[in-house]
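Student: give me a 3D structure for the following:
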Amino acid sequence: MRSLSLPIRRSLRNLHTSHPATPSPAILRSYSTASSNGSTPTSTALESEPPTPALSSRWFADLQCRLRQLAASSLGAAGRKEAERLLQFAQDEWMVLVAGRQGFLTDERWRGLDRCPVVWGDMDSMGHVNNVMYNRYAESARVNWALSHGQGRGPEEQNRWEGLMTPRGVGLILKSIKTEFKFPLGFPDKVTVLDRLVEKPTYDADVLRLDVLILSERHRRVAARCEEEVAVYDYRSARKTVLPRDMVDRLAETYELQEEARRVAEAKAAEVIRAVERMESIGQFSGQRLLHEHSRLPFHDTAAWISGSIYTMVSDYLKHRRRIQKPAFPSLCTSQ
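Tutor: Below you'll find the predicted structure:
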């Protein structure tokens, strides 16, 4: 998995200016001013940058649309190439950007279902996957997610986690599930399902609360979201119980990994968004420049000048030649 973090950080330092151009309302269209629960979003941005506003549910689709517009804009060959590279990165890392920033672990090890093909027979007469199948995806993913906690810890430990899925002793039983359908899945497609602990487990907890994302590989978006409550049940005494302390510790480690993944993904998303905003600001500036050149009027809007690493300003432009040097873009991505 490629990382864009260091190249983007380096580019942002080059792009930084004490008088940044003010984004237009169109630039801010993808954002909301508050999170969905009304709380103030936690900033994970670089210290030298202002906090990134909470993102709308369509932020990733809007980001791709903005990058496609930049790739077809009048930024010049270098600028269009950088936009294409950013777009390719977003498409390659879509799962991290969409699910990782919500606290889901996206590595293959943690995927309850990994690119599972949608079967043609799973569709109903309406031409899309039957709603019952979404809960089946979530069920299979939940079992695989639980079993993944015993991987790499020896046969005995693996058997203990597998035992949670049997009625022989302490096991896990689905108490409730709520499914929110985002858009209809169809054939052909591939489904990836991720699970996330909603809260850090405690030794006295007899219920685990899970958040589930069902992702469409074809559309690179969330197809459905589930909220699950899983009860810890002792089949021998026929009553609820708690998990062994070492299993609780293992789940607590997973929760900490989730929080770290959230911080990393949020920072990565913020860096990509800021890079896009810089390029959009450059595009607005370039349009103003072309208008002034066409009318042969001197260009006096010095407040709109971006950092000298983007535009090299020659001191005698307006005095003698009345033309501006072709912009040179810094590299926002150093690798494909």
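Student: after the helix or strand bottoming out on mean pLDDT in the chain, next one along is what?
Tutor: Lowest by mean pLDDT, DSSP states H and E among the helices and strands of the chain is helix 5-15, with a mean of 40. Remark: after helix 5-15, the chain's next helix or strand is helix 59-71, criterion DSSP states H and E.
Student: who does that following helix touch, helix- and strand-wise?
Tutor: The contact analysis (3 or more C-beta pairs under 8 Å, 6 or more residues apart in numbering; DSSP states H and E) places helix 59-71 against helix 77-92, helix 94-98, helix 245-295. Glycine gets a C-beta too; all of them are placed from N, C-alpha and C.
Student: pull out the buried positions in the first one.
Tutor: Neighbour counts over helix 77-92 (16 or more other C-beta atoms under 10 Å) mark 79-87, 89-90 as buried.
Student: what's that helix packed up against?
Tutor: In terms of contacts (3+ C-beta pairs under 8 Å, 6+ apart), helix 77-92 is packed against helix 59-71, helix 245-295.
Student: one more: the longest one?
Tutor: With contacts defined as 3+ C-beta pairs under 8 Å, 6+ apart, the packing partners of helix 245-295 are helix 5-15, helix 59-71, helix 77-92, helix 94-98, strand 190-197.
Student: now do the shortest one: everything it contacts.
Tutor: Applying C-beta atoms under 8 Å, 6 or more residues apart in numbering, the set of residues contacting helix 94-98 from outside is 1, 60, 90, 106, 192, 215, 220-222, 265, 268-269, 272.
Student: taking those together, which two end up most distant?
Tutor: Pairwise distances across the contacts of helix 94-98 peak at 21.0 Å for Thr192 and Val272 (criterion: C-beta to C-beta).
Student: where does the stretch 51-200 of the chain dip in pLDDT?
Tutor: Residue ranges of the stretch 51-200 of the chain with pLDDT under 70: 51-54, 74.
Student: and stretch 201-210, how far apart are its ends?
Tutor: 11 Å (C-alpha to C-alpha, to the nearest Å).
Student: for this structure, which strand is longest?
Tutor: The longest strand of the chain (DSSP state E) is strand 221-234.
Student: buried residues in it?
Tutor: Neighbour-count burial for strand 221-234 [16+ other C-beta under 10 Å]: 221-226, 228, 230, 232-233.
Student: hang on, the earlier thing: now the helices and strands packed on helix 77-92 in JSON lines, with mean neighbour count and distance to Ala205?
Tutor: Output for the helices and strands packed on helix 77-92, formatted as JSON lines (neighbours: other C-beta atoms under 10 Å; distance: least, C-beta to C-beta, whole Å):
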{"stretch": "helix 59-71", "mean neighbour count": "18", "distance to Ala205": "33"}
{"stretch": "helix 245-295", "mean neighbour count": "17", "distance to Ala205": "8"}
